[in-house]
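In: Quick one, structure for this:
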Amino acid sequence: MTRASAAAGDIPAPRTAPATVIPAGRAPCPPPTRPAVVSPSGANAAGFDPAGFDVCEYLDGLGAFLAGVANVVMQLSWAPVGHGVMESQVPTGRLTHHPVKRFRTTLTYIAVAMLGTDEERAQYRDAVNSAHRQVRSTSASSVRYNALWPELQLWVAACMYRGAVDVHTRLHGPIEPAAADAFYRHAARFGTTLQMRQRMWPADRAAFDLYWEEALGRVAIDPAVRAYLHGLVTGRGMRWPFSLGPRRLMMFVTTGFLPPRFREEMRLAWSAADQARFDRTLRQLGTVQRRLPRFARLFPYNLLLLDMRLRRRLGQRLV
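Out: Model prediction:
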């Protein structure tokens, strides 16, 4: 297997991300001390204070429902990740057979990575590692993979970051540069909550763009993985009753959230009219979401973090 070009040492270390530490047991993202003033473009009209960066203002729970499948497609477009998921020997971790459990586990990981304490992140890392140790290629595999390889986790983290920014931008407009820089530094947690080393995360957003363009060169969805992913996009690959969802709507939304390169690999059609309808729908949803109270905008991440803390307190399995 070819090693990723963004391996440790190839890029300089990033600056430390300013972030609010959430004490254990405390509800994530309490109401801000003063209401944020948001312009139509999504920028903070009162100015941005990096020292007071609040990740909860840029983590949209709605994206979990709208763009989740698209982000899975992006992650699995690297052959080692795609075959690792498709061939996984962890029965309860298979998305097509246990969609609710996989949905909960993945979104809880995002919640813990972005909102949890260092202690919570370390404990959830141990729980995820117990499953990931079983995800490795065998002599019968056509592609070599190991879910613990940091370079693969860097790619998955990069997809999660791109997805989070894309959702927020489509709903609320571009994030102002200072806040975008702070969110980017904080997003390194998508990878460092597992085995990705901090120094592997590109130093800034410009360096990330270079990494992303280079990483797109490894995007290649073979027929087997494409068939698996089509089953997720259309819902046909899910077990009953999850296969009964609104397939045309699911396919439209998922295709809309896929960047062009991934649509091409998936062989999904998309027109200018589709794009206009998609953009209009997301703007309307963003208008509604901005009127919701803070806890509602963060759902389901806040609820899943509280659920993880309860299971942790009761000594139950976290994954």
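In: can you list the weak-confidence ranges in this protein?
Out: Across the chain, residues meeting the criterion (pLDDT under 70) sit at 1-51, 90-99, 237-246.
In: Report the central residue of it.
Out: By Cα atoms, centre = their mean, the chain has its centre lying nearest to M160, at 2.8 Å.
In: ok, now which ones touch that one?
Out: N71, Q75, I110, A187, F190 (Cβ atoms under 8 Å, 6 or more residues apart in numbering). For every residue, glycine as well, the C-beta is placed using N, CA and C.
In: Could you work out the most separated pair of those residues?
Out: Taking Cβ to Cβ, the two most distant members of these are Q75 and A187; they sit 14.8 Å apart.
In: which SS class is the residue nearest to the centre of the chain?
Out: Three-state assignment for M160 (DSSP: H, G, I helix; E, B strand; the rest coil): helix.
In: and if you look at the one 3 residues further on?
Out: Local secondary structure at G163 is given as helix here, using three-state DSSP.
In: Am I right that Y184 sits in a helix?
Out: Yes: according to three-state DSSP, Y184 belongs to a helix.
In: what comes up buried for stretch 218-237?
Out: Residues 218-219, 221, 225-226, 228-230, 232-235, 237 are the ones in stretch 218-237 that count as buried (16 or more other Cβ atoms under 10 Å).
In: need those in CSV with secondary structure and distance to A122, can you?
Out: Listed next are the buried residues of stretch 218-237 as CSV, based on DSSP: H, G, I helix; E, B strand; the rest coil; distance: Cβ to Cβ, whole Å:
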residue, secondary structure, distance to A122
R218, helix, 30
V219, strand, 32
I221, coil, 34
V225, helix, 32
R226, helix, 37
Y228, helix, 32
L229, helix, 32
H230, helix, 37
L232, helix, 31
V233, helix, 35
T234, helix, 38
G235, coil, 36
G237, coil, 34
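In: Quickly name whichever of those is closest to E120.
Out: Nearest to E120 among the buried residues of stretch 218-237: L232, at 29.0 Å, using Cβ to Cβ.
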